[in-house]
Structures are given as C-alpha cells and as structure tokens.
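In: Here is the input, now give the coordinates:
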Amino acid sequence: MTGDGSGAVGGAGPAEGARAGGVPPPESAVRPAVPPAVPPAAQPAVRPEPGSSSSPAAVHGTEEDLVSVIVPARDAAATLGRQLDALAAQDHTGPWEVVVVDDGSSDATAEVAESRRSALPALRVIREAGSGGVNRARNVGCRHSRGRLLLFCDADDLVTPGWMSALVRALETAPAAGGALERRSLNSAAALAARPPAAVPGLADSFGFLPYPWGANCAVRREVWERLDGFDPAYTYGSDDVEFFWRAQLSGAALVFASAAVVNYQLRDRPSDMARQYFRYGRSHPMLYRRFAAAGMPRSSTAGACREWGRLLLHAGDLLRSGTARARWLVRAALRTGRIAGSLRHRVRYL
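Out: Residues are numbered from 1 along each chain as shown. Sure, this is the predicted structure:
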C-alpha cells in the first residue's frame, strides 16, 4: 500500500474504516456520486515533472479495447512479485497491459517486475530517477500506457481474480470507479484494530463532502485523466487519490462503486510505521481543505478535535501497553498531530 492514501485508506483517518472491507454487496450496488452545485476553484495544471523519464510523447495513440493497469512501486521488492502474479491470474478476456513505475527504489523493485515478463507479456517497467511521490508515478504510468481504460492498484496488495473485469464493467457505466478493500486476509490483529474493516463496503466519504475511491483500487477513463491534466503531483502522500477523484466529480464525471472489484489490502504492521503513515495522512488534510473549501468541503470541527485530544490524554496509558490498544492510540494521535502540522504549513485551520 503506497501513500495511496487519502484518508480513509489513504488519508481520511480512523473513521475511514466505516466504508471498507466486509462482504461485498451484489455487483448491481453501483452508487453514483453527485457533485455539489458549488463550482470548484481554478484547477491546478499537472504537467510532466522535470527530470521524469516520461512525456506525453511516450504514448503513440491509444487502443480502444485495451485496458492499462498502472502499478506505482517504491522499494516494493518484497511484495511486488505476488501482486504481479495476482494480475497474471485475472479472468478478464480482453486485451490488457501492466505498467509498473519504479519510483526511485533503492531495492530490486524493477528486477522483480522484469522477472514476471513470462507471465505478463504485455508488461512495461518504467524506472524513474528519484522519488517524486505516488501521483507522479501514476502520471508516468498513464503517459506510458496505451489503453482507453486506466486501472490502478498498489505494489503491496493482492487483487482478486475478478478485479479487472469488475472495474472494466463499471467503466462501461461511468467514467470513474472504485472497488472494495478486504483487510482481514493479509493483516495482524493490531493492524486491524488501528484501521478496522467495516460491515458494509463502499466508496469512502470521510470528509463529509464527496465520496472517493482508494488509490489502491480505482479506475478512470483516459479522457478524464487527460482533461484533468492527471493526478496532482503536489500530493506526494496522503489525499493523493481524494484530490483527483474530487476534481473529476466537480468537472462532471460520475463516480461509481464496483463491489466485485476486490483488493486484499495490506496495512502497516508495526505501530511506528502506522503512526508515521497517519501523520502524513493528517498533514495532507489541511492542504485538501485549502484546495476545496470554496467548492463546499466543510472545515473540521474544532470542538471535535478538542474532544479527541481529551480522549487521547485520558487514555495515554495505552502507550505503555502492547498490541491493539497502543496501535489505536498511536494512529489517532498521529493523525491529529499531522493535521496541526499541515494547518501551520498551509495557513488554514483544519484540526
């Protein structure tokens, strides 16, 4: 799982669990997202990043029926192989390709990807010099892809066999889609306590504004990605997926939920890694608020933040405990601390 993040699973915070995991409802449970009437602020242009090995000229036309799967990867040598094996086992019968973008890894990520060429003949491996963040990697992958439909997954998760075909079906009904995250199969009790699965899966809606899918399991038609000038590379970790799919909806693109597109989602396992990740999620939220407040995103509740800090202080003893209680305390405190840091950095109040 990259900084796919958002909030729910990629940047919204602990409440994000209210919309992920569990047993998916029938495939017909596809819910369109309705954008608010308030027009968005001027959209930031996302251009090819300096130093990137990619450029729009890297793609010489697109193929109408081709599906492109984009996999951003950084230091993912330990997990990328199993994800590529899972992609090789997809039941989709149409033409498709996989584009792995090695975002400046210091390990053997690219070599692991290359080793799967026999199982994935239509595999492209793009190596980037230096890490530019998950959104730059996604844009690089899109520029090097040839498909009309763009699907995204992460290097440390496991797509299920029907994942691709379910998202392709969803994109036949709407220009943007997201699938479900299954959290139990790959994660420890402590990780699940920090980010619990929900009884009913669906699109995340942690901010009380527009729903969004997770970057680890989402898809969009190429024309939408092109119209929006891609993912915003300023969001290097946290809210990276939220920002793009909110812009998509505000531009008029409907977003639907594909319940049969399931990804087995890998959470951080060590409490210190969970805390670091949630700090970065929280730090991105004020940036998101500064960008979308004019479009109707509500400010976070200051009273609610004070109550949360009060609860954290009351239960500070959980830090001395092991396992689930400590993990829960750390991610909640890290998220709130990140929001304070982000508020100071972006000169807005979103606590």
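In: Could you name the helices and strands sitting against the worst-scoring helix or strand of the chain on mean pLDDT?
Out: In the chain, no helix or strand scores lower on mean pLDDT, DSSP states H and E than helix 189-194, which sits at a mean of 84. When contacts are defined as 3 or more C-beta pairs under 8 Å, 6 or more residues apart in numbering; DSSP states H and E, helix 189-194 packs onto helix 271-292, helix 324-346. All C-beta atoms are positioned from the backbone trio N, CA, C, and that covers glycine.
In: Can you give me the buried ones in the longest one?
Out: The one in question is helix 324-346. 324-340, 342-343, 346 (16 or more other C-beta atoms under 10 Å).
In: mind listing the strands for the chain?
Out: Here the chain has its strands, by DSSP state E, at 63-73, 96-103, 123-128, 147-153, 158-159, 176-182, 217-221, 255-264.
In: Kindly present these as JSON lines, with separate columns for distance to Val112 and mean pLDDT.
Out: Listed next are the strands of the chain as JSON lines, based on distance: least, C-beta to C-beta, whole Å; pLDDT from 0 to 100:
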{"stretch": "strand 63-73", "distance to Val112": "9", "mean pLDDT": "94"}
{"stretch": "strand 96-103", "distance to Val112": "9", "mean pLDDT": "97"}
{"stretch": "strand 123-128", "distance to Val112": "10", "mean pLDDT": "96"}
{"stretch": "strand 147-153", "distance to Val112": "15", "mean pLDDT": "98"}
{"stretch": "strand 158-159", "distance to Val112": "15", "mean pLDDT": "98"}
{"stretch": "strand 176-182", "distance to Val112": "23", "mean pLDDT": "97"}
{"stretch": "strand 217-221", "distance to Val112": "21", "mean pLDDT": "98"}
{"stretch": "strand 255-264", "distance to Val112": "19", "mean pLDDT": "97"}
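In: quick one: low-confidence parts of the stretch 101-250 of the chain?
Out: Regions of the stretch 101-250 of the chain meeting the criterion pLDDT under 70 cover residues 199.
In: run the last query once more with 80
Out: 198-200 (pLDDT under 80).
In: now do the stretch 251-351 of the chain
Out: Within the stretch 251-351 of the chain, the ranges that satisfy pLDDT under 80 run 322-323.
In: switch the cut-off to 90
Out: Judged by pLDDT under 90, the stretch 251-351 of the chain has its weakly predicted residues at 269-272, 318-327.
In: I'd guessed Phe207 sits against Ser239; true?
Out: No. Using C-beta atoms under 8 Å, Phe207 is not in contact with Ser239; the gap is 9.2 Å.
In: And the most centrally placed residue in the chain, how far from Ala137?
Out: Centroid-nearest residue in the chain: Gly215, 2.0 Å away (criterion: C-alpha atoms, centre = their mean). Here the criterion is C-beta to C-beta, to the nearest Å. By it, Gly215 lies 11 Å from Ala137.
In: now do Val69
Out: 13 Å.
In: circling back to that earlier point, Phe207 and Ser239: which has the busier surroundings?
Out: Shown here are Phe207 and Ser239; by other C-beta atoms under 10 Å, Ser239 has more neighbours (35 against 27).
In: mind checking how far the more buried one is from Gly342?
Out: 10 Å.
In: repeat for Val200
Out: To Gly342, Val200 is 30 Å away according to C-beta to C-beta.
In: One more: Cys218?
Out: 23 Å.
In: Could you do Arg127 as well?
Out: Distance, Arg127 to Gly342, using C-beta to C-beta: 31 Å.
In: Kindly report the same for Asp65.
Out: 42 Å.
In: same question, Asp156
Out: Taken as C-beta to C-beta, the span from Asp156 to Gly342 is 25 Å.
In: can I assume Ala261 is in contact with Trp163?
Out: Yes. Contact criterion C-beta under 8 Å: Ala261 and Trp163 qualify, at 5.1 Å.
In: tell me, what's touching these two both at once?
Out: Counting by C-beta atoms under 8 Å, 6 or more residues apart in numbering, the residues touching both Ala261 and Trp163 are 179, 217.
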